[in-house]
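*Asks:* okay, here's the prediction I keep looking at, along with the sequence it came from:
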Amino acid sequence: MAEADSSSEKLRKWLSVVSDPDAHYEHEAEDDGEGGEGIRDSRYNKDTAAAVTWHGTADASSSSGPATVTFANGDYFDGELTGGVFNREGVVTRLSDCGALTHARWVDDQMDGVAVIEGARKEGVSKSVFCKGVLHGITRRFVAARHRKDNLKMVAFFRHGEARGTAWKGLLGGAFLVGPLDAEEAISGEQAIYVYPDIRTVIVGRFEGDRLVRGRMGTIVGVAFEDFVAVPSVAVDQESDVTVVRDVSTGRRISRFPLQEEPWESRHVEVGGSLLSEEAGEGLFAKVDMKRGQLVAFYNGVRLQSGRDDDSWSGYRVRLNGQVDIDIPGDMTSTSRYRASLGHKANHAFGKRVNLCWSRLEHPRFGLICSLSAARDISAGEELLVNYGVSMADAPGWYKELWVRFCREDKGMADAQIEEWCRMQYSRYGKWVTLPL
């Protein structure tokens, strides 16, 4: 336990550094003399000798000076020439790539040293070390929302343009994939690792193209560093013989193994009789203390087209993204039929009773799913409650009854005020809201 806690803390500190786009972590690979003359990697060195114009104090014969250089494809450089047009330091604006920016130094028209590449649209930012035109050192890539908590897309070490050793890839929801990169820069290997957001629990096993094939549950018990990248040591859980495989739901099937519990989730939550009321049925409860922001439970389900209002709609349907909704079929709401994930057992509440919030997570077994996180610190034994966020105009009767009770008892609203609220909803959204007053 102590080894796992210490290793988790070391990894958290390292991840906090490499996940900070403003932190300097661009370590260069040692020169082993094997790089040859270098190449102009087409992914990063798109400029050629076809510079059609330049403006400034520098000209064809000058060795240095500020200049603006326009290339044949319309891209342009703005910065300092340090020995002709092929030796420069500044920014290339790539109009040929929708305005992507490259902040770098070029030596003999090859990128050299630390370069920052800001992708166009929502492609994100990378900070990399180059030598003779190819990646040669630490590379970090970030999502476009650079200061988001789970902003790190990848950290890896390259030598002469090829990935070496262990790489980390950040996933939505704060999890990570760890292992060697294949030719497509995806995690692939027999001992690759999925690291849960607690940075302690893992699934270790075979991954191909960033996807789990099969694995076992384990715990991180040690950390070493190779080429400035953390390499975790894992102890496989010997008390469990469960093999985890990829099991992404479809529009018709929620799971191939509906009774196989999610090991991490089953350690943190359990199902019991709800304390809200007898009518509430079962509820979800915390088995351990949990901190605000911590992952609590998973919400897997069948995948339906978002916004489609058909007979498959149910009280368990939640929005995953703009294309997909997650739903629990009516014959799978009981844990006797389905308990691969338990998020759907969290009951609804309004106001201060709510202790959960909605989130999303990339899970190795379920794929991208909804999840529930702690909205505040939670004590073991507490019932877990979340606001379902249903549109009041489309809400079922029980939901509207709870809303009226909340307005009266918690907000102290009179029925006339509740009726006025209903009229405001129509003026804002164009839908009538009828409540049981």
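*Replies:* Yes, it's here.

*Asks:* so how far is stretch 122-130 from its chain's centroid?
*Replies:* 17 Å (CA atoms, centre = their mean, to the nearest Å).

*Asks:* mind listing what's buried in it?
*Replies:* The neighbour-count check on stretch 122-130 (16 or more other CB atoms under 10 Å) flags 123-130 as buried. Quick note: C-beta positions are derived from backbone N, CA and C, even for glycine.

*Asks:* repeat that for stretch 238-245.
*Replies:* Those would be Val244, for stretch 238-245 by 16+ other CB under 10 Å.

*Asks:* now the end-to-end length of that stretch.
*Replies:* Its start and end residues considered, stretch 238-245 measures 18 Å (CA to CA, to the nearest Å).

*Asks:* now do it, average pLDDT.
*Replies:* Averaged across stretch 238-245, pLDDT comes to 89.

*Asks:* what's in contact with that stretch?
*Replies:* 203, 205, 212-217, 260, 263, 364-365 (CB atoms under 8 Å, 6 or more residues apart in numbering).

*Asks:* try it again at 6 Å.
*Replies:* 203, 214-215, 217, 365 (CB atoms under 6 Å, 6 or more residues apart in numbering).

*Asks:* Throw these into TSV and include distance to Leu276, neighbour count and pLDDT, thanks.
*Replies:* Output for those, formatted as TSV (distance: CB to CB, whole Å; neighbours: other CB atoms under 10 Å; pLDDT from 0 to 100):
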residue	distance to Leu276	neighbour count	pLDDT
Ile203	34	25	98
Arg214	40	12	97
Gly215	37	24	97
Met217	33	22	97
Arg365	30	22	98
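
*Asks:* of all these, which two lie farthest apart?
*Replies:* Pairwise distances among these were taken by CB to CB; the largest, 12.0 Å, belongs to Arg214 and Met217.

*Asks:* could I get the full set of helices for the stretch 151-300 of the chain?
*Replies:* Listed in chain order, the helices of the stretch 151-300 of the chain (DSSP state H, counting those that start in this stretch) span 263-268.

*Asks:* which stretches of it have low pLDDT?
*Replies:* Counting by pLDDT under 70, the stretch 151-300 of the chain shows no low-confidence range.

*Asks:* in strands, which of the contacts of stretch 238-245 appear?
*Replies:* 203, 214-215, 217 (DSSP state E).

*Asks:* just give me the closest of those to Glu383.
*Replies:* Taking CB to CB as the measure, Glu383 lies nearest Met217 of these, at 26.9 Å.

*Asks:* can you pull up the bridge partners for the closest one?
*Replies:* In this entry, Met217 is beta-bridged to Ile203, by DSSP bridges.

*Asks:* domain map for this structure?
*Replies:* Residue ranges for the domains of the chain, per automatic domain parsing: 263-386, 397-429.

*Asks:* nearest to Gly79, out of those?
*Replies:* With CB to CB as the criterion, Gly79 lies closest to domain 263-386 of these, at 38.8 Å.

*Asks:* residues in contact with the residue nearest to Gly137 when sequence neighbours are not counted?
*Replies:* Counting by CB to CB, 6 or more residues apart in numbering, Val129 is the residue found nearest to Gly137 once chain neighbours are left out, at 2.9 Å. Contacts for Val129 (CB under 6 Å, 6+ apart) come out as 26, 28, 114, 136-138.

*Asks:* do you know how far the closest residue to Glu26 other than its chain neighbours is from Ser126?
*Replies:* In space, Glu26 comes closest to Val114 once its chain neighbours are excluded; the distance is 4.5 Å by CB to CB, 6+ apart. For Val114, the distance to Ser126 equals 11 Å [CB to CB, to the nearest Å].

*Asks:* just Lys345 next, same as before
*Replies:* 41 Å.

*Asks:* go on, Asp78?
*Replies:* From Asp78 to Ser126 the distance is 20 Å (CB to CB).

*Asks:* ok so Thr68 is a strand residue?
*Replies:* Yes. Counting by DSSP: H, G, I helix; E, B strand; the rest coil, Thr68 is part of a strand.

*Asks:* and it, what pLDDT?
*Replies:* On pLDDT, Thr68 comes in at 86.

*Asks:* what's the burial count for it?
*Replies:* Each residue near Thr68 was counted by other CB atoms under 10 Å, and the total is 14.
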